[in-house]
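K.L.:
Give me coordinates for this.
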Amino acid sequence: MRRTLKKYLPNPESIRNNRWLRPFAASLLHPRLWHLNRHSAAGAVATGLFCGLIPGPLQMLAAALCAIRFKINLPLALLTTLYTNPVTIVPLYLLAYQIGRWVLGDGSGFLSPPAFSATDFTGWTTAMQQWMLSVASPLATGLLILATALAALGYLITRTAWQIYLITVWHKRFKR
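P.N.:
So this is what the prediction gives:
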């Protein structure tokens with residue numbers, strides 16, 4: 001499994017040779033950030049799944065900072081954040097919003113955004129701000145719960161899959 005994953009992940013030399021990343025080489029070239037075992041892979045998957053729900057372009061930055069802080073596999077943590085993309089982000093955020101509404105006990109139903117009005121732009125802007133504030137609390141709560149659940153599930157699945165793979169390899173080796 002390690003050999004398969006290593007084929008697709010960058011190596012530390014690419015960091016060392018990149019002129020933009022060279023100032024951070026001391027922290028980015030720590031051996032544990034590039035070592036791939038069941039502990040670092042499971043931590044990286046969990047980190048990537050958690051940070052993948054962070055809004056905007058901060059997903060990979062947050063995953064990289066967490067990988068450096070917790071000394072888990074950096075490339076795998078960055079790669080795992082890619083599960084959120086323009087196709088999946090809307091359903092995930094809607095799910096998070098519904099989870100947040102359920103946890104907070106909000107029975108108001110889905111609040112649709114105000115219709116755009118070019119003639120009353122100021123009124124539309126005010127209505128949009130009020131709508132965003134009303135959606136913020138359930139969405140933030142739901143995102144935190146969903147991100148934590150995905151991270152825990154990803155960690156457990158990765159550890160279990162790696163363990164199953166090891167047991168299979170050991171049985172094949174024993175038969176030989």
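K.L.:
pLDDT score assigned to the residue nearest the centre of the chain?
P.N.:
Centroid check for the chain by CA atoms, centre = their mean gives residue 52 as the closest residue, at 2.4 Å. Here the pLDDT value assigned to residue 52 is 95.
K.L.:
backbone phi and psi for it, please?
P.N.:
phi -60, psi -20 (degrees, to the nearest 10).
K.L.:
I'd say it and residue 62 touch.
P.N.:
No. Assessed by CB atoms under 8 Å, residue 52 is found out of contact with residue 62, at 9.2 Å. Backbone N, C-alpha and C define where each C-beta goes, glycine included.
K.L.:
give me every residue that touches residue 28.
P.N.:
Contacts for residue 28 were tallied using CB atoms under 8 Å, 6 or more residues apart in numbering; they are 12, 15, 21, 68, 74.
K.L.:
Now for these, which sits with the most neighbours around it?
P.N.:
Each of the contacts of residue 28 was scored for neighbours by other CB atoms under 10 Å, and residue 74 scores highest at 26 neighbours.
K.L.:
residue contacts, it?
P.N.:
Going by CB under 8 Å, 6+ apart, the list of residues near residue 74 reads 28, 33, 34, 44, 64, 67, 68.
K.L.:
now for the helix or strand hosting the last one, which elements pack on it?
P.N.:
In this assignment (DSSP states H and E), residue 68 forms part of helix 59-70. Helix 59-70 is packed against helix 38-51, helix 74-80, with contacts defined by 3 or more CB pairs under 8 Å, 6 or more residues apart in numbering; DSSP states H and E.
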